[in-house]
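Visitor: got a sequence here, can you model it:
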Amino acid sequence: MIVIARYSFAHEAQIAKASLEAAGIHTHLADEHTVNLQWLYSNAMGGVRLMVAKQDAEQACDILSSDFSQAVEDSHIFSGEADACPCCGSHDLLPYTKGKRPAFVVFLFLGFPLFFYRHGYQCEACGEFTDKL
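Guide: Have a look, this model is predicted:
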């Protein structure tokens, strides 16, 4: 096995490992537990090393260097393009949390949180909030 990438934090290495294993490439993380235990040693040790078999190295480097940000932006989950506002029918919806400010104010006054906020979407055209699409 050869080292194809080094990461300062174990969670970054875990994300890269998951990407490679989803593509069917067997991986191994070296020094992951040492960095988790004493993260200040990460730079001295060279970080968490992501290792793959020599014959998979080129494919693994291609996968790690790929930029998937456009695919995420185009996905249905984040775009809201397939869903419409139930009030006006507009497709211009943005993720929104209703009741976040009052919950914070209650936390400041009482000293403990009362979570009465709701996650959903707010229409940019009419301002209508909905949590069901």
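Visitor: can you give me the strands in this protein?
Guide: Using DSSP state E, the strands of the chain run over residues 2-7, 27-30, 48-52, 93-98, 118-123, 129-130.
Visitor: quick one: buried residues of the first one?
Guide: Okay, so that is strand 2-7. Within strand 2-7, the residues that qualify as buried are Ile4, Ala5, Arg6, Tyr7, counting by 16 or more other CB atoms under 10 Å. In this view, the C-beta of every residue, glycine as well, is placed from N, C-alpha and C.
Visitor: quick check, nearest of these to Ile25?
Guide: Ile4 (9.8 Å; CB to CB).
Visitor: just give the number of residues close to Phe109.
Guide: A count of neighbours around Phe109, defined by other CB atoms under 10 Å, yields 7.
Visitor: next one: Gln38
Guide: 11.
Visitor: how about it, phi and psi?
Guide: phi -140, psi 80 (degrees, to the nearest 10).
Visitor: how's this structure carved up into domains?
Guide: Using automatic domain parsing, the domain ranges for the chain come out as 2-66, 76-130.
Visitor: spatially central residue for the protein, please.
Guide: For the chain, the residue nearest the mean C-alpha position is Ile15 (9.4 Å; CA atoms, centre = their mean).
Visitor: need the contact list for Ser65.
Guide: Residues in contact with Ser65, defined by CB atoms under 8 Å, 6 or more residues apart in numbering, are absent; none qualify.
Visitor: quick one: it and Ala16, what's the gap?
Guide: Distance from Ser65 to Ala16, counting by CB to CB, to the nearest Å: 11 Å.
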